[in-house]
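**Q** Based on what follows, work out the 3D shape:
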Amino acid sequence: MSWQPVQADGLEQILTLLRQSQSPDTQIQRQVQARLESLNQYPDFNKYLVYILTKLIDEQEATRSLSGLILKNNAKSHYEKFPDDVRLYIKQECLSALGDRSPLIRATVGILITTIVTKGSLEQWPSLLEHLYTCLDSPNINLCEGAFGALQKICQDSADQLENAPSQPLNVLIPKFIQFFLHSQPKIRSHAIACVNEFITPRATALMSNIDLFLENLFQLANDTDSDVRRHVCRALVMLVEVRIDRLIPHMQQIIEYMLLTSQDSDDTVALEACEFWLMIADQPICRDVLQPYLDKLLPVLCKNMKYSEIDIIILQGDTDDDENTPDRIEDIRPRFHRTRTRQYAQNLLDNNNPSEQLNNTTDTNNNSTTATPPNSQTDQHLPDDDDDVDDDDDDDDGLGGNADQATEWNLRKCSAAALDVLSNVFREGILPILLPILREMLFHTNWQIKESGILVLGAIAEGCSYGLTPHLPDLVDYLIKCLSDKKPLVRSITCWTLSRYSSWIVHNEVQQNRFLVPLMSELLKRILDTNKKVQEAACSAFATLEEEACIQMVPYLKQILETLVHAFRKYQAKNLLILYDAIGTLADSVGSHLNRSDYIQLLMPPLIERWNLLTNDDKDLFPLLECLSSIATALQTGFLPYCEPVFGRCILLVQQTLEGHGPDTSSDKDFMIVALDLLSGLAEGLGAHIDTLVERSNILPLLERCAQDSMAEVRQSSFALLGDLTKACFRHVHKHLNIFLPLLTQNLDPHHVSVCNNAIWAIGEISIHIGSEIQPFVSIILESLISIINRNNTPKTLLENTAITIGRLGLVCPNDVSSQLQRFIRPWCIALRNIRDNDEKDSAFRGICNMIILNPLAVTNEFIYVCDAIASWEKPPIELHAKFRDILQTFKQEFGNEQWKQLTDRFPLSLKQRLQIHYGV
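**A** Predicted coordinates for the structure are as follows:
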């Protein structure tokens, strides 16, 4: 006989709590939550919950559903601790309630079923799939729909389990799902497609073997009357573009026309799925050929979709101008994740005016571009956030609740703007004849929402159409600067973002700089002090981008900039303070030691130190403040000395507290330690030898030994950055600990953890310069890893450069050990370092390579053109290095003989031949 509640009053007590928990009073909610938590100590509590969910059909749906969701959370937290009889009862009751008359209860049961499968496995519930499969053919539509809803959630959460199960259930399930594409009930059709869609990206074998039937039935649903069905059809086609475009190509014309139509669907969720198609197709080689005939139809659709909807404006309070005095809600503030420090020897690339540039990137064995990332590329410029609300909760409430603000996260407007961005990078100025007339109408429209979307369009095409827009940019930038004073806050905020996309053009062209830099800077500073919080945020972000582009060109205006940023400290609510820290830190990074003036320091430091003193050691608002102070300490150098002792001491305390408070594998709150390590790096870099006494009086190095062995990659990354900085600043203290650090560094030369590996390599290079031949016992094991990294395909540029410089430095201090391997790395070494500016690190690396070439000249004979190209990359080599270059080139010329030398150099680009002749007489 099935279980029944033993105590009627116990059941009533739980029902009362569930009803009370729906009260709008947060105090009551908290009390109920605590009471419900306490009931978990009773094993039968979970039976009561499933009983309420499945048996009390006359109870309010909301109460029954809430009971199921609490049970789901309990199962998620400790299902493995449930007694066997409780587990069995829950499973039995879930299956019995699949056909409940309420869609909400059916959905809740489905969530509970998938949670149990996720926490256990399909093997632990062997009858489940067969039971659900059987229910699909039930004449009871509620039971069919409930079973399908549960299957959809299992497919979503446990696709791997289904694909790899020994019984191969997908061989039966997928054909069954495809059969249901043509069911009479739209909800069933929707579930069926959604189930199959989960297996497109993983390329499930059972789906790939039924791909033709899948497409045939999918195409029949293209014009379905149900919006959920159309949405899933679009999603399927978008994923198939990436996975099986070969099957779509014969139908591509019809698919494009369908997606054009569906991108204008009256249901925004359908239009959003369709719009993803343009993003996906843009990455395919066929994009240009298949989309070219449709651009005149597609571009107007994308532009139209970029207008805010009325509901967006209500959610964003777009007509609320003055809200600066309204405190932020806690949920408005997006969690910040600290960006750990990545160390690099040579941070400035050449500006592509190298005379040997004709030796182009096709010679790069690493497939690694040797040109700097364009400042407005997608790697560092993002579409503007409509709203920063993020729902990171991984609970799938499946329509049981939701955050209204989610509508403004990834939406049709953003997707359309992103699609226009990527398509402008494919078609470049070819889209402008279509786009410019549309843009002209939008920008000067009387409806402010259309004008605002036109400014977004202009920002979206900034990178792809930069060349074709050049003749129009003086007028456009002038217009945009005026729009910064528009009466509508959403116009002001989008204008900030769009102008940031053109900041490179303004800053790097002398004529435009003279005309626009000061007006733009002045207007952005006014907007930083805007009365609207959204505009403040956009202006701060745009100003940070301008700072990165302009760098020392900002120096003459530092007083005005600092006065504005300090004023903002007094105005800003909590959320925008975080962005303000970033703008101040970026300013310090951009102008460097120019910030080290007493009047600037007196302006900047008091509000930061006041904030520093207010925050406790467990307040996550410390992260952005510490990041900001790290940049400032590096920039101010000795100007930071008055503040260094308390800052240094607190950082040591944060590291120590984190190490003492957590076991070796606990990652929670290690961000406090990471951000403290990075600020210590900033202090060491900025103060140099002045940090010596602080290091001497502290336990920083024993703590660093522990951090360098942490299981969390980000902790090791920051540890090695700090180790390198301390090596440069006060090596005598580091020296005593090298027996611990050097083995740890060699164990972290794994390029799969790029940033950890990068910082470890950088630290090894710094240490080698200081200890010289003492590093010899470690050279062979280090070198083997470095040679592997420098020869890897698709190695990130910074890692390549650091690897090459460290190899050169090892060759400087242990030339005999390294020169024997010269042939294995000389070509990628030369390519990696040809595009970095002259500096001390490059000097030490090239002196090392010269030592190795002198010891083993035969190793470079076949790659001599690369050696010559690398030598020619120097603008003004130091006297000693210039002499080494001349001797090596003269020696090789003599060894080759005039005839062979002429044959060799005739293959050189003319500019390279001329440079070698002028500077080295060969």
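**Q** going forward, measure contacts and count neighbours with C-alpha atoms only.
**A** Fine.
**Q** which stretches of the stretch 151-300 of the chain form helices?
**A** All helices of the stretch 151-300 of the chain, identified by DSSP state H, counting those that start in this stretch, fall at 159-164, 170-179, 186-197, 205-208, 211-220, 227-243, 245-248, 252-262, 268-281, 287-291, 295-305.
**Q** got the contact list for the last one?
**A** Put plainly, it is helix 295-305. Outside helix 295-305, the residues that touch it by C-alpha atoms under 8 Å, 6 or more residues apart in numbering are 260, 263-264, 412-413, 416-417, 419-420, 431, 434-435, 438, 453-454, 457.
**Q** List the buried residues of it.
**A** For helix 295-305, the neighbour count (16 or more other C-alpha atoms under 10 Å) marks 295, 298, 299, 301, 302, 303, 304, 305 as buried.
**Q** next one: the second one
**A** Of the residues in helix 170-179, those scored as buried under the neighbour-count criterion (16+ other C-alpha under 10 Å) are 170, 171, 173, 174, 175, 177, 178.
**Q** if you skip the residues just before and after it, what's nearest to the fifth one?
**A** The one in question is residue 175. Closest residue to residue 175 apart from its sequence neighbours, by C-alpha to C-alpha, 6 or more residues apart in numbering: residue 210 at 7.2 Å.
**Q** Report the separation between the one you found and residue 903.
**A** If you measure residue 210 against residue 903 using C-alpha to C-alpha, to the nearest Å, the figure is 60 Å.
**Q** These two: which has the busier surroundings?
**A** Per other C-alpha atoms under 10 Å, whichever of residue 210 and residue 903 has more neighbours is residue 210, with 14 against 11.
**Q** What pLDDT does the model give that one?
**A** Listed pLDDT for residue 210 reads 93.
**Q** And residue 77, by the same measure?
**A** 85.
**Q** Check residue 330 too.
**A** On the pLDDT scale, residue 330 is placed at 61.
**Q** ok, now the one 10 residues further on?
**A** You'll see residue 340 listed with a pLDDT of 61.
**Q** max-length helix in the protein?
**A** Longest helix in the chain by number of residues (criterion: DSSP state H): helix 713-735.
**Q** circling back: using JSON lines, please lay out the helices of the stretch 151-300 of the chain together with distance to residue 622.
**A** Converted to JSON lines, these look like this (distance: least, C-alpha to C-alpha, whole Å):
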{"stretch": "helix 159-164", "distance to residue 622": "40"}
{"stretch": "helix 170-179", "distance to residue 622": "50"}
{"stretch": "helix 186-197", "distance to residue 622": "43"}
{"stretch": "helix 205-208", "distance to residue 622": "49"}
{"stretch": "helix 211-220", "distance to residue 622": "52"}
{"stretch": "helix 227-243", "distance to residue 622": "41"}
{"stretch": "helix 245-248", "distance to residue 622": "48"}
{"stretch": "helix 252-262", "distance to residue 622": "47"}
{"stretch": "helix 268-281", "distance to residue 622": "38"}
{"stretch": "helix 287-291", "distance to residue 622": "46"}
{"stretch": "helix 295-305", "distance to residue 622": "40"}
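**Q** closest one to residue 125 among those helices?
**A** With C-alpha to C-alpha as the measure, helix 159-164 is the member of those nearest residue 125 (12.5 Å).
**Q** Can you check which of the helices of the stretch 151-300 of the chain gets nearest to residue 656?
**A** For the helices of the stretch 151-300 of the chain, the distance to residue 656 is smallest for helix 159-164, at 41.2 Å, taking C-alpha to C-alpha.
**Q** Now do residue 264 against residue 410, distance only.
**A** From residue 264 to residue 410 the distance is 17 Å (C-alpha to C-alpha).
**Q** The two: which has the busier surroundings?
**A** Remark: of residue 264 and residue 410, residue 264 carries more neighbours, 18 against 13, as counted by other C-alpha under 10 Å.
**Q** wait, what's in contact with the more buried one?
**A** So residue 264 contacts 271, 301, 305 (C-alpha under 8 Å, 6+ apart).
**Q** Could you do residue 875 as well?
**A** Taking C-alpha under 8 Å, 6+ apart, one finds residue 838 in contact with residue 875.
**Q** quick one, phi psi at it?
**A** Reported as degrees, to the nearest 10, the phi and psi values for residue 875 are phi -80, psi -50.
**Q** Just list the residues touching residue 207, thanks.
**A** By C-alpha under 8 Å, 6+ apart, the contact set of residue 207 is 174, 196, 199, 200, 214.
**Q** Tell me the pLDDT of it.
**A** 94.
**Q** what do you get for residue 42?
**A** pLDDT, residue 42: 81.
**Q** ditto for residue 467
**A** Residue 467 is given a pLDDT of 92.
**Q** Now do the contacts for it.
**A** Residues counted as contacts of residue 467 (C-alpha under 8 Å, 6+ apart) are residue 429.
**Q** which SSE is it in?
**A** If you go by DSSP states H and E, residue 467 is part of helix 466-469.
**Q** cool, and residue 617?
**A** Short version, using DSSP H and E: residue 617 is in no helix or strand.
**Q** surely it meets residue 654?
**A** Yes - the pair residue 617 and residue 654 qualifies as a contact (C-alpha atoms under 8 Å) at a distance of 7.0 Å.
**Q** before we move on, back to that, of the helices of the stretch 151-300 of the chain, which is nearest residue 873?
**A** Of all the helices of the stretch 151-300 of the chain, helix 287-291 comes closest under C-alpha to C-alpha, at 37.0 Å.
**Q** which residues are in contact with the closest one?
**A** Contact with helix 287-291 is made by 252, 253, 256, 281, 282, 426, 427, as judged by C-alpha under 8 Å, 6+ apart.
**Q** can you give me the strands in the chain?
**A** If DSSP state E is used as the criterion, the chain turns out to lack strands entirely.
**Q** Next, give phi and psi for residue 167.
**A** Here is the backbone geometry of residue 167 (degrees, to the nearest 10): phi -80, psi 0.
**Q** Ignore what I typed, I meant residue 102.
**A** Phi and psi for residue 102, reported as degrees, to the nearest 10, are phi -90, psi 120.
**Q** Would you mind measuring from it to residue 145?
**A** Residue 102 is 11 Å from residue 145, by C-alpha to C-alpha.
**Q** If you count surrounding residues, which of those two has more?
**A** Legend: neighbour count by other C-alpha under 10 Å for residue 102 and residue 145, higher for residue 145 (26 against 16).
**Q** Do I have it right that that one meets residue 189?
**A** No - at 9.8 Å, residue 145 does not count as touching residue 189 under the criterion of C-alpha under 8 Å.
**Q** residues contacting residue 562?
**A** By C-alpha under 8 Å, 6+ apart, the neighbours of residue 562 are 600, 603, 604.
**Q** Next, count neighbours for residue 69.
**A** 22.
**Q** Distance of it relative to residue 49?
**A** 9 Å.
**Q** pLDDT weak spots in the stretch 201-350 of the chain?
**A** Scanning the stretch 201-350 of the chain for pLDDT under 70 picks out 318-319, 325, 327-350.
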